[in-house]
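Undergrad: Test case, fold it:
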Amino acid sequence: MKNNIKKYSLTAALQAGAAYDFAILKSRRQFKREKSDKKKYVPGKLGLSAVSTAIKKEFGTILSRKERRKSPVFQKFYAQGGN
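TA: Sure thing, here's the model as predicted:
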């Protein structure tokens, strides 16, 4: 009888610990976000900004960042005052 009590109390303690760990896990979980109601961005829909139009007018094209880094001759548009 004594062994059964020890056995059952150990089982109950292990189950209580597992239940506590499970409750902590459930309370700290992150919930899924709801789907956004905003429309997807379609590239090219915003149009040209004033800065990009001025750059294109001044230099003819807008170089990519990679091209700007390669070319030491390229003058920064903002260094000239912008307009």
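Undergrad: To what extent is Cys53 buried, counted in neighbours?
TA: For the record, residue 53 is Thr, not Cys. 11 (other CB atoms under 10 Å). C-beta: built from backbone N, CA, C; applies to glycine.
Undergrad: now swap in Arg29 and tell me
TA: Residues contacting Arg29 under the criterion other CB under 10 Å number 7.
Undergrad: Same question for Lys6.
TA: Each residue near Lys6 was counted by other CB under 10 Å, and the total is 9.
Undergrad: Could you do Ser52 as well?
TA: Residues near Ser52, counting by other CB under 10 Å, number 12.
Undergrad: any idea how far it lies from Thr61?
TA: Distance, Ser52 to Thr61, using CB to CB, to the nearest Å: 11 Å.
Undergrad: Any idea how far the top helix by length along the chain is from the middle of the chain?
TA: Assignment by DSSP state H gives helix 2-27 as the longest helix of the chain. The chain centroid and the centroid of helix 2-27 are separated by 39 Å under CA atoms, centre = their mean, to the nearest Å.
Undergrad: where does Lys32 fall, helix, sheet strand or coil?
TA: On the three-state scheme (DSSP: H, G, I helix; E, B strand; the rest coil), Lys32 is labelled coil.
Undergrad: Could I get the phi/psi values of it?
TA: Main-chain dihedrals, Lys32, degrees, to the nearest 10: phi -70, psi 140.
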